[in-house]
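Asks: Give me coordinates for this.
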Amino acid sequence: MAENINFIANPANLCVHLHRAYCLGWLIFGIAPKSLKIIGQEVTDKTQQEIAQALAGLEPAVDVWVAYVDVPEQPGNKVIAMHFDGWVWGERPHTFHGCPYYKVESTTKVMPQDMYDERIRAHQPQLYAWERLAADGVTLADLNENLIRNCIRRGIDGGRIPESALYEPTGDILSKWKLLKNGVPTNGAVLLFSNNIDEYPQFTLRMARFVGTNKNMFRDNQRAEGNFFQLLDAGVAFCFKHLSLSGRITNHSLEREEHLEVPYHALREALINALCHRHWERYNLTISLAIYDDRIEIASPGIFPPQITPENIKEPHESYPHNLKVAEALYRMTYLENWGSGARRIIDACQAQGVETPTWSSDGGFVTITFKRPYFASDTTKIDKEDKKATKEDKYRSTIDQVPLKFKK
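Replies: I've put the predicted structure just below:
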């Protein structure tokens, strides 16, 4: 990463300028920013005291290299240069007099609360992560043991959980997965396995089939409440209910091949990612699945990790899960990979079916993935189910057998 160099002509209000450079780079006093003319300034004991007092406003304290360079053209004047080591992701974010800042191009701004919270979580996830907090009013008895056992079997079949786990108490398994805290299920355990979700209004998925390309009129509007797997099943079932299914006899097979207009595996992966990486601490927001005439949008409350953008998410990248322990459990159960490959698998599934690659976007509060609904050629048989009554059992087999899902209209 290239270092920032901040030129300041007037040394007045040192505190105003100091926070501009502490993230990464140089702060140089005595050089005109536009003309780069070397002016210098008089350096006295008072100047050095002001610098020391200003540096004391940085928390946590930083080791700053300060140099005083003589200006030959201006006898008695010096250029003051300060160098700051770069802040590294995972370190505690700095504040200046109690306020965090960040830099956008040449502008310094107060850091938004969600950005600061994200950095605090990365610094001490064991203390601040929502998924690791002990759940209020939930005990082991509230967790669906059959669901846990089925997930363990799935992980064993996938080679990610040892077969001996079949004979261990579920409490011991959850402890190993860091889903228990002092014997109490964490919020992450409740998200994955609990039937008791009364205190979790955010465990909701809004689903709508809109008429046209806006939200003025809808054909179907539902709200599903449940744990991770119930919401996943509800979302996939809604897609099967409202998306077109095409089929044809291919040259290499005498059997009919059927496909959703947008690949099932791509939609399922997108829903898994939305549920896994959602910022669940935002209890007043919900994940949404919106199907329009021309597109499908899945929006999840949260923001991209600092290393990921809507543009580079399509490129190879590391995994930066917002809910680390939930993601690790889903990896063991083969629902998720841990190599940051989810976006790539979505793209590959779309390309294999000849469907346009989806796009990702973020408005600061939600991360949205958008699939364009394709046009099916005339040689493809199309089954339109828009106006057909369909239940989840008719169109899609549940991911894992468990208690029925709650639907609201």
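
Asks: Distance of Leu372 relative to Lys314?
Replies: Not Leu; residue 372 is Lys. Per C-beta to C-beta, to the nearest Å, Lys372 is found 15 Å from Lys314. (Each C-beta comes from the backbone N, C-alpha and C, glycine too.)

Asks: what do you get for Pro112?
Replies: According to C-beta to C-beta, Pro112 stands 25 Å off from Lys314.

Asks: any low-confidence regions in the stretch 151-300 of the chain?
Replies: In the predicted model of the stretch 151-300 of the chain, residues 247-257 satisfy pLDDT under 70.

Asks: One more: the stretch 1-150 of the chain?
Replies: For the stretch 1-150 of the chain, the stretches with pLDDT under 70 are 1-25, 86, 106, 125-126.

Asks: Mind jotting down where the strands sit in it?
Replies: Here the stretch 1-150 of the chain has its strands, by DSSP state E, counting those that start in this stretch, at 4-8, 25-29, 41-42, 58-59, 65-70, 77-84, 95-96, 101-104, 107-110.

Asks: quick one on the thing from earlier: the more surrounded of Pro112 and Lys314?
Replies: Lys314 (16 against 13; other C-beta atoms under 10 Å).

Asks: so Val190 touches Thr139, yeah?
Replies: No - if you go by C-beta atoms under 8 Å, Val190 and Thr139 don't touch, sitting 10.5 Å apart.

Asks: which one of those two has more residues nearby?
Replies: Neighbour totals were compared for Val190 and Thr139, and Val190 leads with 26 against 12 (other C-beta under 10 Å).

Asks: Over to the more buried one: give its phi and psi.
Replies: phi -60, psi -40 (degrees, to the nearest 10).

Asks: how near is it to Lys325?
Replies: Distance of Val190 to Lys325, computed by C-beta to C-beta: 12 Å.

Asks: Skip the chain neighbours and tell me the closest residue to Ile272.
Replies: In space, and not counting its chain neighbours, Ile272 is closest to Tyr335: 5.9 Å by C-beta to C-beta, 6 or more residues apart in numbering.

Asks: Please work out how many residues are found near the nearest residue to Leu55 once chain neighbours are set aside.
Replies: Excluding the flanking residues, the one nearest Leu55 by C-beta to C-beta, 6+ apart is Val64, at 5.7 Å. When neighbours are counted by other C-beta under 10 Å, Val64 registers 18.

Asks: Now for Arg223, which secondary structure element holds it?
Replies: Assigned by DSSP states H and E, Arg223 belongs to strand 218-225.

Asks: What pairs with that strand, parallel or antiparallel?
Replies: strand 204-210 (antiparallel), strand 406-408 (antiparallel) (DSSP bridges).

Asks: buried stuff in stretch 132-149?
Replies: Using 16 or more other C-beta atoms under 10 Å as the test for burial, stretch 132-149 gives 132, 135, 138, 140, 142-144, 147-148.

Asks: can you check stretch 297-315 too?
Replies: 297-305, 308, 313-314.

Asks: Sitting in strands, which of these do you find?
Replies: The members of these that map onto strands under DSSP state E are 297-301.

Asks: before we move on, back to that, heading C-terminal from the strand holding Arg223, find the next helix or strand.
Replies: helix 228-242.

Asks: So which elements touch that next one?
Replies: helix 187-193, strand 204-210, strand 218-225, helix 264-277, strand 287-291, helix 392-395 (3 or more C-beta pairs under 8 Å, 6 or more residues apart in numbering; DSSP states H and E).

Asks: Just the helices from the stretch 51-200 of the chain, written as ranges.
Replies: Counting by DSSP state H, counting those that start in this stretch, the stretch 51-200 of the chain has helices at residues 113-123, 125-128, 145-157, 170-176, 187-193.

Asks: got CSV for those, with distance to Ile51 too?
Replies: Shown next, in CSV, are the helices of the stretch 51-200 of the chain (distance: least, C-beta to C-beta, whole Å):
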stretch, distance to Ile51
helix 113-123, 26
helix 125-128, 33
helix 145-157, 57
helix 170-176, 51
helix 187-193, 45
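
Asks: most neighbours per residue, which of those helices?
Replies: Mean neighbour count (mean count of other C-beta atoms under 10 Å) peaks for helix 187-193 among these, with a mean of 27.

Asks: who touches that helix?
Replies: With C-beta atoms under 8 Å, 6 or more residues apart in numbering as the test, helix 187-193 has contacts from 130-135, 138, 142-144, 147-148, 151, 174, 178-180, 185, 196-197, 200, 203, 227-229, 280, 323, 325-326, 329-330.

Asks: Name the spans of the stretch 301-409 of the chain whose pLDDT lies under the cut-off.
Replies: Residue ranges of the stretch 301-409 of the chain with pLDDT under 70: 375-409.

Asks: residue boundaries of the strands in it?
Replies: Using DSSP E, counting those that start in this stretch, strands in the stretch 301-409 of the chain cover 359-362, 366-372, 381-383, 406-408.
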